[in-house]
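Enquirer: take a look and give me a structure for this.
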Amino acid sequence: MSDREKLIRYKQNIKPYLRELHELSLEAPSERDLLTLEATEEVRKNSKEALKGRPVRKVRIDFGEKNTDRFKNYVANLHRVNPHPVYIWISKTNSCGLYAISSLLRFNFNFSFDVIKEGVIGLLSSDLSDTFTLDFSYDEKSFKYELEIDICGDHWALIEY
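Expert: Got it, this is the predicted structure:
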């Protein structure tokens, strides 16, 4: 993709991207806080390599369960074993740059189902040792909103829900 195409995609996506990040973060995202596209791509490459072969855990819950005390305690336990800052990765990240929050505890797990149309949010520890992917969808057979969580890494995948 040419620099001109990247700039066009950036300009098209930056305002909605910041709105989405604002809903997903308990910190106030701004354009100046975003990593460059080059740095974002470097994190992507390095994280793929760093997470290869690491432990994996999958959890499937009702979408609303992410707002319960049980889930909050789970997140607190994840933070306890890896308190590093966390990158938020959504589809517009690829055209606008990664955004980091100070810890997993600063992610807004109370986000609404329609926060992003793609329904996938990735959280990556800044030390690249853990990732937490939220994949939310509506099951038309059961008429339920569901949340599938994929956890991978040296610390987070070892914690049971």
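
Enquirer: identify the residues contacting F109.
Expert: K66, N67, F71, K72, V75 (CB atoms under 8 Å, 6 or more residues apart in numbering). To be clear about C-beta, it is placed using only N, CA and C from the backbone, and glycine gets the same treatment.

Enquirer: with secondary structure and neighbour count as extra columns, can I get the residues you listed in CSV?
Expert: Output for the contacts of F109, formatted as CSV (DSSP: H, G, I helix; E, B strand; the rest coil; neighbours: other CB atoms under 10 Å):
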residue, secondary structure, neighbour count
K66, helix, 19
N67, helix, 11
F71, helix, 18
K72, helix, 14
V75, helix, 19
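
Enquirer: which of the residues you listed lies closest to P85?
Expert: Closest to P85 out of the contacts of F109 is V75 (15.0 Å), distances taken as CB to CB.

Enquirer: and that closest one, what's its pLDDT?
Expert: With respect to pLDDT, V75 has a value of 98.

Enquirer: can you give me the helices for the chain?
Expert: Using DSSP state H, the helices of the chain run over residues 3-24, 37-51, 69-81, 93-96.

Enquirer: please produce JSON lines containing those, extended by distance to N110.
Expert: Formatted as JSON lines, the helices of the chain follow (distance: least, CB to CB, whole Å):
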{"stretch": "helix 3-24", "distance to N110": "9"}
{"stretch": "helix 37-51", "distance to N110": "26"}
{"stretch": "helix 69-81", "distance to N110": "10"}
{"stretch": "helix 93-96", "distance to N110": "21"}
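
Enquirer: tell me which of the ones you listed sits most buried.
Expert: Mean neighbours per residue, mean count of other CB atoms under 10 Å, is largest over the helices of the chain for helix 93-96, with a mean of 22.

Enquirer: and that helix, what does it pack against?
Expert: helix 3-24, helix 37-51 (3 or more CB pairs under 8 Å, 6 or more residues apart in numbering; DSSP states H and E).

Enquirer: take the ones you listed and write them to CSV, including mean pLDDT and distance to D150.
Expert: Converted to CSV, those look like this (pLDDT from 0 to 100; distance: least, CB to CB, whole Å):
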stretch, mean pLDDT, distance to D150
helix 3-24, 93, 17
helix 37-51, 96, 11
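
Enquirer: could you point out which of the ones you listed sits nearest I90?
Expert: helix 3-24 (6.1 Å).
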